[in-house]
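[1] Need coordinates for the following:
(one chain, ligands or ions: 2)
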Amino acid sequence: MTAAVAAKTNLLGLDPQALVSCCADWGEKPFRAQQLLRWIHQRGEDDFAAMSDLAKSFRALLAERACVVQPAVLSDHVSDDGTRKWLLDVGGGNAIETVFIPEADRGTLCVSTQAGCAVNCAFCSTGKQGFSRNLRTDEIIAQLRHANRALGQYDGDSTVAGNRRISNVVFMGMGEPLQNYAATIAAARLMLDDRAYGLSRRRVTVSTSGVVPLMDRLRDECPVALAVSLHAPDDALRDRLVPLNRKYPLAELMAACRRYLERSPRDFITFEYVMLDGINDADAHARALLGLVADIPCKFNLIPFNPFPDSGLRRSGRDRIRSFASILADAGIVTTVRRTRGDDIDAACGQLAGAVRDRTRLVERSSSVPPIAELSRCA
Ligand code: SAH
Ligand code: SF4
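    Ligands and ions are numbered 1, 2, ... in the order given. I've put the predicted structure just below:
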């Protein structure tokens, strides 16, 4: 990026309200912001000169002071099952991953919110790479914009709602979205805005490992569907699997779920539960979960563990998962077992590693750590 571009405002990073303020600073009326939203997000336009319904003088001002820039694409892989994964360069040795999962009745985009993650869950490849930095709003929304572009969404007349390739967005890529709260909700607001991506609140899902105070803020400021990564029925085990549990133990997490439901666009919480052989997958764990979530309308999504080198963990067997699922289902809880998608391109949950310059733990891991380029693959 040239120095001149760097000094300009990247309009991709402005949520609808920020775009209105920015236009006001330039002496422009709010409807200019609406026009810009449509051009940039709905039509995927980068070039101000092509924004034909803007006054020429405004186009000239934009060319001088603003830009629409998204991260470069480092790679683009399509799995045998249609799952597609992009690696985007966010600079400074960091790359992030975005995954598109096509299904018969919907298309889901899984977006990243951080380069790496500081929560460091025992079973997560992203966590094992440590934390590098939060993504900015432009870097989060660029994932959706890029995917739309790559999937042909901006070609012809396919922006009409019924013809959407991407109907759902899940914040389940790299990073803990609620530890990058401001950028996450700014991006979510763009996703929800009819002039930008127009997704329904029920089809935008934030997944969290349980940052309790920010679950409350999300509920108040931008309620969308919520998934909570549970993984254990008691504090002793969850402390080991999800270290954040030591700060926000299960009783507090469950209370936050109940509060969230008061304003949630969906009338249930999705609990994600990674199935780890011999660790959290016994029938007794399933029965204990029933007690834990007794007064929380919820669904369970069991995720067979996706292995990565040196995790020291194994995926639960098929029969074990079936038995576990039927205990939950027999108690009346809708329970699904996540189909592993994109295995062949390392696009499955928890395999999203990108290439993260680990500034938190790389040093501790001594000289046996492979160079950054080799960290980009995790299986
Ligand atoms: N940080 C957020 C969102 C990103 S992780 C969170 O933890 O919820 C998205 C989901 O992938 C979480 O439910 C997480 O527990 C799961 N996951 C992480 N590593 C995994 C692995 N190796 N196998 C299966 N699921 C994994
Ligand atoms: Fe972070 Fe989520 Fe991975 Fe835990 S599972 S380390 S919170 S990305």
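[2] Please make it C-alpha for all contacts and neighbour counts, starting now.
    OK.
[3] So what's the predicted local confidence for residue 309?
    Note on residue 309: pLDDT of 88.
[4] burial of it, as a residue count?
    The number of residues packed near residue 309 is 10, by other Cα atoms under 10 Å.
[5] Check residue 262 too.
    A count of nearby residues for residue 262, using other Cα under 10 Å, gives 11.
[6] Mind pulling the model confidence for the spatially closest residue to residue 292 that is not a sequence neighbour?
    Distance criterion Cα to Cα, 6 or more residues apart in numbering; nearest residue to residue 292, sequence neighbours excluded, is residue 233 at 6.7 Å. pLDDT for residue 233: 98.
[7] okay, now residue 14: neighbour count?
    Residue 14 has 22 nearby residues by other Cα under 10 Å.
[8] tell me the mean pLDDT over stretch 141-148?
    In the prediction, stretch 141-148 has an average pLDDT of 98.
[9] likewise stretch 47-60?
    Here the average pLDDT along stretch 47-60 is 96.
[10] May I have the distance across that stretch, first residue to last?
    11 Å (Cα to Cα, to the nearest Å).
[11] cool, stretch 67-75 as well?
    Taking Cα to Cα, the first and last residues of stretch 67-75 lie 24 Å apart.
[12] mind listing what's buried in it?
    Buried residues in stretch 67-75, counted by 16 or more other Cα atoms under 10 Å: 67-71, 73.
[13] Give the rounded mean pLDDT of that stretch.
    For stretch 67-75, mean pLDDT is 96.
[14] hmm, who's touching it?
    5, 8-12, 40, 46-47, 85-90, 138-139, 142, 146 (Cα atoms under 8 Å, 6 or more residues apart in numbering).
[15] Pull out the buried residues from those.
    Buried among the contacts of stretch 67-75 by 16+ other Cα under 10 Å: 9-12, 40, 46, 85-90, 138-139, 142, 146.
[16] mind checking how far the closest residue in space to residue 38 that isn't next to it in sequence is from ligand 2?
    Excluding the flanking residues, the one nearest residue 38 by Cα to Cα, 6+ apart is residue 195, at 5.2 Å. From residue 195 across to ligand 2, the span is 30 Å (Cα to the nearest ligand atom, to the nearest Å).
[17] what's the residue in the stretch 101-250 of the chain positioned nearest to ligand 2 in contact with, if anything?
    Using Cα to the nearest ligand atom, the closest approach of the stretch 101-250 of the chain to ligand 2 is made by residue 127 at 3.6 Å. Contact analysis of residue 127 by Cα under 8 Å, 6+ apart lists 116-121, 175.
[18] Ranking by neighbours, what's the top pick from those residues?
    Neighbour counts for the contacts of residue 127 (other Cα under 10 Å) peak at residue 116, which has 35 neighbours.
[19] Against ligand 1, how distant is it?
    Where ligand 1 is concerned, residue 116 sits at a distance of 10 Å (Cα to the nearest ligand atom).
[20] My guess is that residue contacts residue 129. True?
    Yes. Counting by Cα atoms under 8 Å, residue 116 does reach residue 129; the two are 6.1 Å apart.
[21] about what we covered before: return the residues in contact with the residue nearest to residue 38.
    34, 37-38, 41-42.
[22] Show me how the chain divides into domains.
    6-67, 72-374 (automatic domain parsing).
[23] rank those by pLDDT, which is bottom?
    domain 72-374 (a mean of 90).
[24] gap between it and the chain center?
    6 Å (Cα atoms, centre = their mean, to the nearest Å).
[25] ok, which stretches of the stretch 1-150 of the chain are strands?
    9-10, 66-67, 72-78, 84-91, 94-102, 107-110, 114-116, 131-134 (DSSP state E, counting those that start in this stretch).
[26] if I look at residue 71, how far off is ligand 2?
    Distance, residue 71 to ligand 2, using Cα to the nearest ligand atom: 21 Å.
[27] Leaving out sequence neighbours, find the closest residue to the residue of the stretch 101-250 of the chain closest to ligand 2.
    If the residues on either side of it in the chain are set aside, residue 127 comes closest to residue 120, at 4.1 Å by Cα to Cα, 6+ apart.
[28] how close does the one you found get to ligand 1?
    From residue 120 to ligand 1 the distance is 9 Å (Cα to the nearest ligand atom).
[29] What of residue 334?
    For residue 334 relative to ligand 1 (Cα to the nearest ligand atom), the value is 17 Å.
[30] Now the phi/psi pair for that residue, please.
    With angles defined as degrees, to the nearest 10, residue 334 sits at phi -60, psi 120.
[31] Tally up the residues packed near it, please.
    For residue 334, using other Cα under 10 Å, the count is 16.
[32] cool, residue 327 as well?
    Residue 327 has 19 nearby residues by other Cα under 10 Å.
[33] Can you tell me the closest non-neighbouring residue to it?
    Counting by Cα to Cα, 6+ apart, residue 327 lies nearest to residue 286, which is 6.4 Å off, once chain neighbours are set aside.
[34] In this structure that neighbour contacts residue 328, no?
    Yes. With contact defined as Cα under 8 Å, residue 286 reaches residue 328; the gap is 6.6 Å.
[35] measure residue 47 to residue 149 for me?
    Residue 47 is 15 Å from residue 149, by Cα to Cα.
[36] What distance do you get for the residue nearest to residue 292 to residue 211?
    Separation of residue 233 from residue 211 (Cα to Cα): 17 Å.
[37] Please apply the same query to residue 34.
    Distance of residue 34 to residue 211, computed by Cα to Cα: 33 Å.
[38] who has more neighbours, those two?
    residue 211 (20 against 17).
[39] how about that one, what does it touch?
    Going by Cα under 8 Å, 6+ apart, residue 211 touches 178-179, 244, 248.
[40] Please apply the same query to residue 34.
    16, 20, 195.
[41] With ligand 2 as the reference, measure out to it.
    34 Å.
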